[in-house]
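> Quick one, what's the 3D model for this:
(one chain, ligands or ions: 2)
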Amino acid sequence: MLKRAMFRCGPLCSRVFAVEFDLHTKPLYFTLSSSPQVLHGDHQQLFGDCGKLFSLYVHSENRIEKARMYAEIKHKLSTRGCDVFEASSFMPNVRNSVLKGFFVRDKSTTCLSKEVLKSLQQQKVSVCVFSYEREGQHCWQEMWSAVNHVEESVKQYIKPAAAAEHHPSTLSISNSDVFYCMDEAYKVLQECADIIPESKEVLKLVDEQLKTTRGNGFPVIVIEGLDATGKTTLTEALRQSLNATLLKSPPQCLAPFRQRFDSEPPLIRRAFYALGNYITATHIAKESLRAPVIVDRYWHSTAAYAIATAVGGRVENLPKPDSELYVWPEDLLQPDLVLLLTVSPEERVRRLRDRGQDKTTEEAELEINQLFRLKVEEAYKRIQNPSCITVDASPSPQEVLKQVHHLIRNKCHL
Ligand SMILES: Nc1ncnc2c1ncn2[C@@H]1O[C@H](COP(=O)(O)OP(=O)(O)OP(=O)(O)O)[C@@H](O)[C@H]1O
Ligand SMILES: Nc1ccn([C@@H]2O[C@H](COP(=O)(O)O)[C@@H](O)[C@H]2O)c(=O)n1
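Ligands and ions are numbered 1, 2, ... in the order given. Next comes the predicted model:
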């Protein structure tokens, strides 16, 4: 059964495996071979003689179940004192061929991870588990089963492989981390309506919005940036000085649901934020007929955070700058100007501390995760049509406002 699940996604011998062994370098790639292969360097270290090694991959035809199971496994394994590395199995350049999973190094004497793996294999979502054994300089993997009996289990040797041209996670970002049309995000919330009743309320709010296209109105200016870069301060100052309407994405009507969706895996969480942008878009269309509109976060935020989270490790793993993953959704109202506020990491942390407020978990991670912060900012900068203009937000609020007025005058003739 396990094997069949894996084979449905392509035969094992045509798959490449990637393990995020060291987040500061490329993932380690390997394929499977019927003959022994000598391991060197990082591969030798990964499969080295240190603890019991397993990898597991989650498969299900139901993407909601799959996403939730993946999040649950991550949580279960990380509380067990094992080294857990994100892993994936994919067919090079084949979209949606990615099976996400984990590589586990269990150094405990009682092999704690086995307990977790056993319980996982009893779930209705398929979890393919492999165990690894060393033989001199070689290492082989075979299917692992909680009952120690796997039909037709074959030993397959680990064969180091060259790095893939594109990080494997980029093969599955479209319409599972970033949504390129409203219908795709809408479908996700429809699919989880039974397990997350709040989805129905969110969809009702989306349905209530009139599908508006923007007429010839006042300029629409979006202010983007990481937390504590000064968006609230600047947008409020712009509202006053330009006599503008201030909007946010997600909009206020979604505030009661935000915490609920923030605790869900990326597929569901990102669909929620994507729909928030479409609701804000209808507000923009309406308000821009009356006055200039300032928007605090919009699609750039949704896409940049989603891409940076989906892609593990370093900035170089992000989709290439010309990737279609940075393209603005055709059905989403475009603003006239997008400004990205940036400050140094030290200044941002100082501002976060001074403010002394609670942060979302993701933002708490940002504070300690410099790699992630760099990836979010880089993803912001790669988004196209409209692309954003970077504003150095380190000077005083008055100075930043002056710079931004200058840009608005030049670009929007306000
Ligand atoms: N130009 C500035 N110089 C110094 N401090 C600033 C500046 N702009 C804002 N601050 C201060 O930094 C903190 C964060 O600012 P603000 O709330 O405007 O950021 P934000 O980007 O809206 O954050 P969030 O996304 O979390 O809402 C606040 O305490 C604010 O007073
Ligand atoms: N349009 C948006 C707005 C926000 N997000 C997500 O929310 C987090 C930041 O929001 P704050 O209220 O803390 O500023 C961030 O983690 C984004 O993932 C979004 O996706 N789209």
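> roughly how far out does whatever helix or strand Ser88 lives in sit from the chain middle?
Using DSSP states H and E, Ser88 falls within strand 83-90. Centre-to-centre, strand 83-90 and its host chain are 15 Å apart (Cα atoms, centre = their mean, to the nearest Å).
> That one pairs with which strands, parallel or anti?
Strand pairing for strand 83-90, using DSSP bridges, gives strand 16-19 (antiparallel), strand 99-106 (antiparallel).
> Looking at the ones you listed, spot the one closest to Trp140.
For the strands paired with strand 83-90, proximity to Trp140 was assessed by Cβ to Cβ; strand 16-19 is nearest, at 13.1 Å. Backbone N, C-alpha and C define where each C-beta goes, glycine included.
> what's the angle between the helix or strand just after the closest one and strand 83-90?
Next helix or strand after strand 16-19 toward the C-terminus (DSSP H and E): strand 28-33. Put simply, strand 28-33 runs at 60 degrees to strand 83-90, going by axes from the mean of the first three to the mean of the last three Cα atoms, to 10 degrees.
> What pairs with strand 28-33, parallel or antiparallel?
Partners of strand 28-33 in its sheet, by DSSP bridges: strand 16-19 (antiparallel), strand 156-160 (antiparallel).
> Most tightly packed of those?
strand 16-19 (a mean of 23; mean count of other Cβ atoms under 10 Å).
> and that one, how far from the chain's centre?
Distance of strand 16-19 from its chain centroid, counting by Cα atoms, centre = their mean, is 19 Å.
> Can you list the neighbours in contact with that strand?
Residues outside strand 16-19 that contact it (Cβ atoms under 8 Å, 6 or more residues apart in numbering) are 27-32, 46, 55, 85-92, 103, 161, 164, 168.
> What separation do you get for Ala255 and Gly276?
Distance of Ala255 to Gly276, given as Cβ to Cβ, to the nearest Å: 10 Å.
> Settle it for me: which of these two has more neighbours?
Shown here are Ala255 and Gly276; by other Cβ atoms under 10 Å, Gly276 has more neighbours (28 against 11).
> For stretch 65-80, the averaged confidence score.
Mean pLDDT, stretch 65-80: 87.
> heads up, I number from 23, so please use that
With the count now opening at 23, the last piece we talked about shows up as stretch 87-102.
> Quickly list what Leu50 is bridged to.
Beta bridges link Leu50 to Val41, judged by DSSP bridges.
> Ser221 reaches Ala207, doesn't it?
No. Counting by Cβ atoms under 8 Å, Ala207 is not a contact partner of Ser221; they are 11.1 Å apart.
> so Tyr92 touches His81, yeah?
No. Taking contacts as Cβ under 8 Å, Tyr92 lies outside contact range of His81: 10.3 Å.
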